[in-house]
Structures are given as structure tokens and as C-alpha cells.
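**Q** Test case, fold it:
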Amino acid sequence: MALQPPTAHRLSVLLDQQLWFIGHDIRHAEGNALVRFGFARLRSGEGGGTTCYCLPLDGSAGQLVCWGFGVYIGPVGGDAMPESALLTPGVLIQRHAMTPRLLRDALPLPLHKPSALPVSRSPVSAADWDRVHRALTELAVQLTRYESWARQALGTAHRSRVLAQLPRHKRRRFCETTDLAAIWSARAERERVQ
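**A** Alright, predicted model coming up:
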């Protein structure tokens, strides 16, 4: 079992860059790339907030949920998952937070604002960190799949344009590559050995 937290700073920067790319992908000239890939879109209602995107995870009742403010990996809404399930409790990674958080219950959907997130806690035990590493592995696998698809479907020129639009303060932190699939794939392998 993993006893150490993941390299949180690098994860937060990588997630920030991924969400930067995704934000541009949903406004792609050929239509919303996340929806084309297979994410379900849950628009925010009258209360405002950000649109929520959900992708069912292969082989589990969990989902990958993305917002502009972060991602969640685990059970949502009425998903019935046994206590022993891989991703119970779910793991929340906020865009600019340093440490992943564990949710006690399934994520209620729709959810469009960070202030509506359920109570979460920091991982403390070896079992908690094992769940975090497994969730991060799943996140990395899914984002590897998405980025591989995006490079083919959207083209490398799209990623280069998006990277070139970075604000100056982010340029120093983000990876200088448009190939996030390779970075996420390496991240998945690193998480598997934790």
C-alpha cells in the first residue's frame, strides 16, 4: 500500500494544463470535443455555475467528472457501489489544490459550483492513500485515452494554438509540449507502482 501522497504540485500543474486544454476543446470549431469523445454534458441551470461533464469508467459504476474547477473520480448520484469498490470513496482533485480529497458519499449530480461540493476530507491512512493512487491511476488512464483521441480528432495544430494562448504567468509552469497523452501515460505507470 502507498504511504506517501502523490507529487501534488506536479499533479496540480498538470491538471491545470489539462483543464486549460479541455476548456478550449469544448469550444472547438467542429463542436464540443468532450461530447464527441463520449462525455455527457450537464449544463448549469438558473443558479449559474460551470457545466459538468461526466464519463462512465470502464468496468466500474464510477465516473470521471470534469468541471473548470477540478475533477472527481468515483461514484455519482444513484450509482450503487459496494463498500469494497475500487473508487469508494470518490476522489476529488480541485484545480489549484495541492492534495486530493476523499468524499464519503457518492457525488450528487448535477453539481455546478465548488461551493456545492459535499464534505470531503484529506487522506490520512495507508488505505486512504491507496485509494487516491488508484483513482489517480484511473484519471491518468482516462486522460491518456482522451488526449490520444484529441490529437487525432482535433489535430496537433489545435493543441499548439491553445498552448500559445497561455497567459504569461502560466507559461513558466505548464509543460511545453502539446502531447499530454504521453505525460498522463507515464503518470499512470508511476501511480501503479506507488
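
**Q** Starting from the helix or strand of the chain with the lowest mean pLDDT, tell me the next helix or strand along the chain.
**A** Scoring the helices and strands of the chain by mean pLDDT, DSSP states H and E places helix 168-171 at the bottom, with a mean of 79. Remark: after helix 168-171, the chain's next helix or strand is helix 180-192, criterion DSSP states H and E.

**Q** what about the residue nearest the centre of the chain, distance to A157?
**A** For the chain, the residue nearest the mean C-alpha position is V71 (3.8 Å; Cα atoms, centre = their mean). Going from V71 to A157 by Cβ to Cβ, to the nearest Å gives 26 Å. Placement of C-beta: from N, CA and C, glycine included.

**Q** now do G31
**A** 17 Å.

**Q** element containing the nearest residue to S122 once chain neighbours are set aside?
**A** With Cβ to Cβ, 6 or more residues apart in numbering as the measure, T99 is the residue that lies nearest to S122, at 5.8 Å, once sequence neighbours are left out. Assessed by DSSP H and E, T99 sits outside every helix and strand.

**Q** Was I right to think T99 contacts V124?
**A** No: using Cβ atoms under 8 Å, T99 is not in contact with V124, being 10.7 Å away.

**Q** Strands along the protein, start to end?
**A** Taking DSSP state E, the strands of the chain run over residues 40-42, 52-56, 63-67, 70-74, 91-94, 101-103, 120-121.

**Q** packing partners for the second one?
**A** The one in question is strand 52-56. helix 33-37, strand 40-42, strand 63-67 (3 or more Cβ pairs under 8 Å, 6 or more residues apart in numbering; DSSP states H and E).

**Q** what does the shortest one give?
**A** Strand 120-121 sits against strand 101-103, with contacts defined as 3+ Cβ pairs under 8 Å, 6+ apart.

**Q** So which of T99 and V124 has more stuff around it?
**A** Remark: of T99 and V124, T99 carries more neighbours, 14 against 9, as counted by other Cβ atoms under 10 Å.

**Q** quick revisit: looking at the strands of the chain, which is closest to K113?
**A** Nearest of the strands of the chain to K113, taken as Cβ to Cβ: strand 63-67 at 8.8 Å.
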